[in-house]
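Undergrad: this one's structure only:
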């Protein structure tokens, strides 16, 4: 069984980057404690027209 989630991992602003990385780390630790294993992660590319400064990653987990 596989599961995919998208998390905000960073930002161009340094203090927002620290905040989002810490939140993502806590969420990933909770998922791993439930027995899920990380298969891969992929950075989601933004469109050029967007002004959004957030950085998103897609994480794929599987359970054994």
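TA: Thanks, I have it. Predicted model only: the values in this text are computed from it and were never measured.

Undergrad: so where do the helices sit in the chain?
TA: For the chain, applying DSSP state H gives helices covering 14-33.

Undergrad: report the central residue of the chain.
TA: Per Cα atoms, centre = their mean, the C-alpha nearest to the average position across the chain is that of residue 7, at 3.3 Å.

Undergrad: for it, give the beta-bridge partners.
TA: Here residue 7 sits in beta bridges with residue 57, as judged by DSSP bridges.

Undergrad: what's the answer for the one 4 residues further on, then?
TA: Using DSSP bridges, the beta-bridge partners of residue 11 come out as residue 54.

Undergrad: my guess is residue 64 contacts residue 37. True?
TA: Yes. The criterion here is Cβ atoms under 8 Å, and residue 64 meets it with residue 37 at 6.2 Å. The C-beta positions use only the backbone N, C-alpha and C, and glycine is treated the same way.

Undergrad: the more surrounded of those two?
TA: Counted by other Cβ atoms under 10 Å, residue 64 and residue 37 do not tie: residue 37 has more neighbours, with 11 against 6.

Undergrad: contacting residues around the more buried one?
TA: By Cβ atoms under 8 Å, 6 or more residues apart in numbering, the contact set of residue 37 is 61, 62, 63, 64.

Undergrad: residue contacts, the last one?
TA: For residue 64, the contacting residues are 35, 37, taking Cβ under 8 Å, 6+ apart as the criterion.

Undergrad: tell me where the model's unsure across the chain.
TA: The chain contains no residues with pLDDT under 70.

Undergrad: and for residue 60, the neighbour number?
TA: 15.

Undergrad: hmm, residue 31 and it touching each other?
TA: No. With contact defined as Cβ under 8 Å, residue 60 does not reach residue 31; the gap is 11.3 Å.

Undergrad: how many neighbouring residues does residue 61 have?
TA: Applying other Cβ under 10 Å, we find 20 residues neighbouring residue 61.

Undergrad: correction: residue 36
TA: By other Cβ under 10 Å, neighbour count at residue 36 equals 20.
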